[in-house]
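Trainee: What shape does this take:
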Amino acid sequence: MDKIFFIAVAFFILGFTACNSRYTPKATGYPALTLPQKVYLTSAVREMPYTFDIPSYAIVDKNVAYMGVDQQKKGWMNLQFPTLNATLYISYNAIQKNQLDILVRDAYNFANNHSNKASFIEDSAFENPIGLQGVFFHLGGDVASPYQFFITDSSHHFLRGALYFDTTPNADSLAPVIDFLYQDLKQLVQTFHWKS
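Mentor: Numbers count the residues shown, from 1 in each chain. Next up is the predicted model:
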């Protein structure tokens with residue numbers, strides 16, 4: 001009987017002291033990220049109908065696949081950022097008669113396809129120093145593609161780009177990388193020009 005009483009008292013004391021400890025949840029944290037130094041290369045895009053400055057930490061990949069099928073389309077390429085786990089998918093179209101409106105509508109539709117996940121979609125028109133015009137799409141929230149854009153001369157050439165990350169979308173953890181790559185996209189459109 002003494003043993004049972006002693007065990008019951010021990011469990012009571014143990015249970016009583018364990019319940020008095022305060023639980024403090026840990027804040028969500030993300031690993032520190034070291035971003036590369038911004039150095040731009042002017043002649044890294046070859047054999048394309050266009051050229052632009054690319055960062056030294058990007059890789060030009062001309063082996064483009066769409067829906068799992070290799071594409072050998074002139075002017076299509078991927079600009080990969082392996083250290084940042086991101087890819088800029090670039091597609092090019094030579095504008096046929098009465099096709100510009102269709103290409104612009106498609107660019108808006110591609111951006112709006114993310115509306116079910118996006119907290120907002122902002123579009124802003126721009127013009128680069130040599131007069132080429134286009135639109136930047138900024139998609140907020142946990143979206144797969146935070147930035148998309150197109151640039152055109154309105155008569156012969158149309159280029160569309162979409163930035164995707166090779167990870168689960170999380171706007172909070174990706175924010176520093178998204179802001180960092182946005183500067184590269186701005187450099188791209190500011191230095192962009194057609195070769196012909």
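Trainee: and the longest helix seen in the chain, what other elements does it pack with?
Mentor: Of all segments of type helix in the chain, defined using DSSP state H, the longest is helix 171-191. Contact here means 3 or more C-beta pairs under 8 Å, 6 or more residues apart in numbering; DSSP states H and E; on that basis helix 171-191 packs against strand 54-55, strand 86-94, strand 133-140, strand 147-152, strand 157-165. C-betas here are computed from N, CA, C, even on glycine.
Trainee: Just name the most buried of those strands.
Mentor: When the helices and strands packed on helix 171-191 are scored by mean count of other C-beta atoms under 10 Å, the highest mean neighbour count falls to strand 147-152 (a mean of 24).
Trainee: if I pick the closest residue in space to residue 82 that isn't next to it in sequence, what's in contact with it?
Mentor: Leaving aside its chain neighbours, residue 82 sits nearest to residue 59 (6.5 Å; criterion: C-beta to C-beta, 6 or more residues apart in numbering). Residue 59 sits next to 79-82 when contact means C-beta atoms under 8 Å, 6 or more residues apart in numbering.
Trainee: now residue 59: how far from residue 76?
Mentor: Distance of residue 59 to residue 76, given as C-beta to C-beta, to the nearest Å: 15 Å.
Trainee: now residue 184
Mentor: 19 Å.
Trainee: Those two: who's more crowded?
Mentor: Looking at residue 184 and residue 76 with other C-beta atoms under 10 Å, you find the greater number of neighbours at residue 184, namely 22 against 19.
Trainee: Correct me if wrong: that one contacts residue 56.
Mentor: No: contact criterion C-beta atoms under 8 Å: residue 184 and residue 56 do not qualify, at 10.6 Å.
Trainee: Quick one: low-confidence residue ranges for this protein.
Mentor: 1, 14-23, 28-31, 65-72 (pLDDT under 70).
Trainee: Give the buried residues for the longest helix of the chain.
Mentor: Buried positions in helix 171-191, judged by neighbour count with 16 or more other C-beta atoms under 10 Å: 173-174, 177-178, 180-181, 184-185, 187-189, 191.
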